[in-house]
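**Q** Sequence plus predicted model, see below.
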Amino acid sequence: MPESHIVAPRWSRDEVAALLALPFPELLFRAMTVHRAQFDPTKIQVSTLLSIKTGGCPEDCGYCPQSAEYETGTKANKLMAVEAVLAEARAAKEKGAARFCMGAAWRSPKDHDLDSVCDMIAGVKEMGLETCVTLGMLNVEQTGRLKAAGLDYYNHNLDTSPEYYGKVITTRTYQDRLDTLANVRDAGINVCCGGIVGMGEGEDDRAGLIATLASLEVPPESVPINALVAVEGTPLARQERIEPLDFVRVVAAARIAMPKSYVRLSAGREQMSDEAQALCFLAGANSIFYGDKLLTTPNSETSRDEALFAKLGMSPES
Ligand code: SAM
Ligand code: DTB
Ligand code: SF4
């Protein structure tokens, strides 16, 4: 585990591995108990995503349809106009989203692009929505500008364990990611940081990811757990989908290791059954992406989510 941002690991990899290996009923009971001590288990935080700058990314993340290295059929676009983004945010608010997350396929933002992103943040905030952006690596000056614009959350994922990371991404290091996370934290912006499972990693890598997240100086306020969406043209296109019950285990372990964080059941919901999603909620997931699209791939449709909430007697957090 990289040491520069970790004083004393709150959770060791072995401890998290032991959680993942618990009998399923024991694991779920522990996760539910931790969840209820901090949250109303019937409430789900809902965020809507918008890709404000799609495709043509210089990074080589092996899972990503937006990397310029892969032929995925994703069309590269320029940064959207501020007004067009605000119109999407208004629509998301009307559909019940509490947070609006804007994503850009950048290695890191350029200064003139950040001007527009800051205008988007200010405009979205004015609507009474929480704001989140994910723009790649940030230096201290950039985090300061985003904070001044009113940014509530910055999403930057560690993606996997430090050991497996190099098998998926070669164009920036794990330490680069930790440095950006430290800059975001130091600027007083809430951290949204999680990872992807189902990329061919082992149980030990899943434990390594959760232990690293839980042992950050301050754990992330929001922890997205994505199931790989295998996209044609990416190196991971042929990756076998993660066994749903194994995914539930990862959610439960994240919940136990980070009791105060929102754990988001993120990408991959479209491919999941209602029953698997319900188990994720029981295991402590209390946030989702709401809306028919993630960044470039389809999300579970809003009408299906509404029906699922109704069946489970659950509702979006207001
Ligand atoms: N370019 C910025 C970056 O990578 O920091 C921000 C956008 S990037 C698309 C945000 C996150 O989406 C990635 O870190 C990754 O965890 C997730 N992601 C991308 N493609 C995915 C896929 N096919 N399946 C699951 N998660 C994915
Ligand atoms: C996160 O952890 N998952 C979201 C969000 N943060 C930006 C992105 C998922 C992207 C899935 C693939 C796509 O739609 O392009
Ligand atoms: Fe670029 Fe982000 Fe996709 Fe990596 S995950 S290729 S940095 S858009």
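**A** Perfect, thanks for sending it. Ligands and ions are numbered 1, 2, ... in the order given.
**Q** Residue 179 and residue 99: what is the separation?
**A** Plainly put, residue 179 is 25 Å away from residue 99 if you go by C-beta to C-beta, to the nearest Å. (C-beta placed from N, C-alpha, C; glycine too.)
**Q** what does the host helix or strand of residue 36 rub up against?
**A** Mapping residue 36 onto the secondary structure by DSSP states H and E places it in helix 24-38. By C-beta atoms under 8 Å, 6 or more residues apart in numbering, the surrounding residues in contact with helix 24-38 are 19-20, 22, 41, 245, 248-249, 251-253, 255-256, 259-260, 279, 282-284, 286.
**Q** How about stretch 267-282?
**A** Counting by C-beta under 8 Å, 6+ apart, stretch 267-282 makes contact with 28, 31-32, 41, 44, 196, 198, 224, 226-229, 241-242, 244-245, 247-248, 251, 265, 288-289, 294, 297-300, 308, 311-312, 314, all of which sit outside it.
**Q** Is there a quick PyMOL command that grabs whichever of the residues you listed are buried?
**A** If you want just the buried ones from the contacts of stretch 267-282 in PyMOL, going by 16 or more other C-beta atoms under 10 Å, the selection is:
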select buried, resi 28+31+32+44+196+198+224+226+227+228+229+242+244+247+248+251+265+288+289+294+299+300+308+314
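**Q** Distance of the closest residue to residue 260 other than its chain neighbours relative to residue 286?
**A** When the adjacent residues along the chain are set aside, residue 260 lies closest to residue 38, with 5.7 Å between them (C-beta to C-beta, 6 or more residues apart in numbering). Here residue 38 is placed at a distance of 9 Å from residue 286 (C-beta to C-beta).
**Q** Strands - which of the contacts of stretch 267-282 land there?
**A** If you go by DSSP state E, these have 44, 196, 224, 226, 227, 265, 288, 289 in strands.
**Q** from those residues, which two are the most distant?
**A** Comparing every pair within the ones in strands among the contacts of stretch 267-282 by C-beta to C-beta identifies 44 and 196 as the most remote, at 20.9 Å.
**Q** secondary structure element for the closest residue to residue 56 other than its chain neighbours?
**A** Using C-beta to C-beta, 6+ apart and skipping residues adjacent in sequence, the residue nearest residue 56 is residue 76, 3.2 Å away. For residue 76, there is no enclosing helix or strand under DSSP H and E.
**Q** show me what contacts residue 76?
**A** 54, 55, 56, 68, 105.
**Q** Make JSON lines out of those residues and add pLDDT, secondary structure and neighbour count.
**A** As requested, those are exported to JSON lines (pLDDT from 0 to 100; DSSP: H, G, I helix; E, B strand; the rest coil; neighbours: other C-beta atoms under 10 Å):
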{"residue": "54", "pLDDT": "97", "secondary structure": "coil", "neighbour count": "21"}
{"residue": "55", "pLDDT": "97", "secondary structure": "coil", "neighbour count": "19"}
{"residue": "56", "pLDDT": "95", "secondary structure": "coil", "neighbour count": "15"}
{"residue": "68", "pLDDT": "96", "secondary structure": "coil", "neighbour count": "15"}
{"residue": "105", "pLDDT": "98", "secondary structure": "coil", "neighbour count": "27"}
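**Q** could you pick out which of those are near ligand 1?
**A** Residues of the contacts of residue 76 in contact with ligand 1 (C-beta under 6 Å from any ligand atom): residue 105.
**Q** How about the residues of the chain by ligand 3?
**A** Taking C-beta under 6 Å from any ligand atom as the criterion, the chain approaches ligand 3 at residues 57, 59, 61, 64, 66, 67, 105, 136.
**Q** Let me see the confidence value for the residue nearest to residue 292 when sequence neighbours are not counted.
**A** The spatially closest residue to residue 292, leaving aside those adjacent along the chain, is residue 301, at 5.3 Å (C-beta to C-beta, 6+ apart). At residue 301 the predicted local confidence, pLDDT, stands at 94.
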